[in-house]
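S.K.: Structure here, sequence nowhere to be found:
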């Protein structure tokens, strides 16, 4: 009996131990299963987070492309775009974009995520999710990426003022704005210099400021930005590609017209072409005194005048006919804007490319909101920087585009320059135009006595080399220049074949990311 009792106890213990082992194995199996399930959930969540993150990154790239084509973009993107590069495309895979665009602002903006966006910058907030049920709903698996984007300086027509400072042998290449009170220089729009830029006294710039060198006088702007190379005008082949070659039209048929003379420096007649010729807005033999600041000697180039004497004997009002609207004119010579009294208006759209110098001495105002005048001064071989302002090359003055012999072999007056200042009577006043000088933009207003030479430009002022505004002094006081940027070329509103392309590294590239944050 005792043996059977002991055997029963042994069997019960064995069964208990077996059951205990089974329970332990079950617990372990359940634990392993639970861990596996948790790992699967974590892996799935990780995959979903990663996919949402990639969606947010795709949104950033889309946002950069949007800003490239529309620098003024502020409207959000809230749809379900096609995403062919995703490894898994599922219903609801999408992103939402929010733009806090301050590219063209003058004060800080606050983004929805609390980030402060300074002028000249834009924040793109991209919210990616794999399970967005509808637009306006971000779903549960959300990843956010915010990038701060700086607008690249763009080409010369993307600026109110652009100084290329191409000739690095020149010592004086600083772009300088100055003045106090009513005599302060004022710029509304972006400004770029490939060298140093100084804003002093009470001068103001309301717009993004960039410079290849140092920026002095503007808080929180240091410079050291990318240098931009000016476009190669030779590739445009203006002499053959322009719609109207002015010299050829004058050679083909010309006529003499009576004009109203403003003074002894103007003739009583001028040479032009018939009123039905698209070149009728030009004339020759208008002035008998061609000096901008003095009367020394003759000029090398032929001299044309932007003057329509078929409109009136004063020649100030310029109207392009229907067939020439938006066309490009090529002038092989110098171009003068010097008419009777204070000038006139420009009716129509024209690109005028001058292989020589442009002398601006009178007002040209836009006739209406659609009117546009683009002036391009091209170099004609060697030129120089007229440091002593005597309109003649003097030994020691910087030669631009030297052919290597160290001697100046170009035109007496140089080429590829734009000069401001009325050599005879009256102020220049308002001037509505987009201007680009392949070489220098020189201000001769200070050399003209007895008249206020305050200049107000609506459009843009650009030079491949230097812009010299330093000498704007009359009777001991600084004479201001005011520049109000016209964005119609930079935003694509104004499109004409003859407009040169933007500077390299500028408006043709995507805006650049300067900071990146997750969340």
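M.R.: Happy to help now that I have it. Quick caveat, the model's predicted, so the values are computed rather than measured.
S.K.: all contacts plus neighbour counts: C-alpha atoms, from now on.
M.R.: Noted.
S.K.: so how far is stretch 275-287 from its chain's centroid?
M.R.: On the basis of C-alpha atoms, centre = their mean, to the nearest Å, stretch 275-287 sits 33 Å off its chain's mean C-alpha point.
S.K.: who's in contact with that stretch?
M.R.: Residues outside stretch 275-287 that contact it (C-alpha atoms under 8 Å, 6 or more residues apart in numbering) are 244, 246, 249-250, 265-274, 303-310, 318-321, 323-324.
S.K.: which residues touch residue 288?
M.R.: By C-alpha under 8 Å, 6+ apart, the contact set of residue 288 is 265-267.
S.K.: Quick check on the contacts of stretch 275-287: which are buried?
M.R.: Listed as buried from those are 244, 246, 249-250, 266-274, 303-310, 318-321, 324; burial here means 16 or more other C-alpha atoms under 10 Å.
S.K.: In strands only, show me the residues you listed.
M.R.: In strands, defined here by DSSP state E, the members of the buried ones among the contacts of stretch 275-287 are 244, 269-272, 303-306, 318-319.
S.K.: of all the residues you listed, which two lie farthest apart?
M.R.: Across these, no pair lies farther apart than 244 and 269, at 23.9 Å, counting by C-alpha to C-alpha.
S.K.: how far does stretch 97-115 stretch from start to finish?
M.R.: With C-alpha to C-alpha, to the nearest Å as the measure, stretch 97-115 spans 15 Å from end to end.
S.K.: cool, stretch 131-145 as well?
M.R.: Terminal residues of stretch 131-145 are spaced 17 Å apart (C-alpha to C-alpha).
S.K.: mind listing the helices in the stretch 151-300 of the chain by residue range?
M.R.: Here the stretch 151-300 of the chain has its helices, by DSSP state H, counting those that start in this stretch, at 238-241, 246-252.
S.K.: roughly how far is the longest one from the heart of the chain?
M.R.: Averaging C-alpha positions (C-alpha atoms, centre = their mean) puts helix 246-252 35 Å from its chain's average.
S.K.: so after the lengthiest helix in the chain, what's the next helix or strand?
M.R.: Longest helix of the chain, by residue count under DSSP state H: helix 2-69. Scanning forward in sequence from helix 2-69 by DSSP states H and E, the next helix or strand is strand 77-78.
S.K.: End to end on stretch 320-327, go ahead and measure it.
M.R.: 9 Å.
S.K.: Show me the shaky parts of the stretch 201-350 of the chain.
M.R.: Where the stretch 201-350 of the chain drops to pLDDT under 70, the residues are 290-297, 341-342.
S.K.: Tell me which stretches of it form strands.
M.R.: Using DSSP state E, counting those that start in this stretch, the strands of the stretch 201-350 of the chain run over 204-206, 209-211, 215-216, 244-245, 255-258, 269-272, 282-284, 303-306, 318-319, 327-331, 334-337, 343-347, 349-355.
S.K.: any chance of those in TSV, plus distance to residue 131?
M.R.: Shown next, in TSV, are the strands of the stretch 201-350 of the chain (distance: least, C-alpha to C-alpha, whole Å):
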stretch	distance to residue 131
strand 204-206	44
strand 209-211	43
strand 215-216	48
strand 244-245	60
strand 255-258	76
strand 269-272	71
strand 282-284	66
strand 303-306	64
strand 318-319	60
strand 327-331	53
strand 334-337	64
strand 343-347	56
strand 349-355	52
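S.K.: So for residue 485, which of the ones you listed sits nearest?
M.R.: Comparison of the strands of the stretch 201-350 of the chain against residue 485 by C-alpha to C-alpha identifies strand 204-206 as nearest, at 10.1 Å.
S.K.: list the helices and strands the closest one packs on?
M.R.: Other elements packing on strand 204-206 under the criterion 3 or more C-alpha pairs under 8 Å, 6 or more residues apart in numbering; DSSP states H and E are strand 186-188.
S.K.: Tell me the helices and strands packed up against the strand it packs on.
M.R.: Contacts defined by 3+ C-alpha pairs under 8 Å, 6+ apart place strand 186-188 against strand 204-206, strand 481-485.
S.K.: still on that earlier bit, just give me the closest of the ones in strands among the buried ones among the contacts of stretch 275-287 to residue 466.
M.R.: Using C-alpha to C-alpha, residue 303 comes nearest to residue 466 of those, at 23.9 Å.
S.K.: what sits against the closest one?
M.R.: The contact partners of residue 303, taken as C-alpha under 8 Å, 6+ apart, are 284-285, 333-336.
S.K.: Among those residues, which one is most surrounded by other residues?
M.R.: Top of these by neighbour number is residue 335, holding 28 neighbours under the definition other C-alpha atoms under 10 Å.
S.K.: From residue 248, how far off is that one?
M.R.: For residue 335 relative to residue 248 (C-alpha to C-alpha), the value is 15 Å.
S.K.: One more: residue 94?
M.R.: Going from residue 94 to residue 248 by C-alpha to C-alpha gives 60 Å.
S.K.: ok so, going back, dump the helices and strands packed on strand 186-188 into JSON lines; add distance to residue 516 and mean neighbour count as well.
M.R.: Converted to JSON lines, the helices and strands packed on strand 186-188 look like this (distance: least, C-alpha to C-alpha, whole Å; neighbours: other C-alpha atoms under 10 Å):
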{"stretch": "strand 204-206", "distance to residue 516": "27", "mean neighbour count": "18"}
{"stretch": "strand 481-485", "distance to residue 516": "31", "mean neighbour count": "22"}
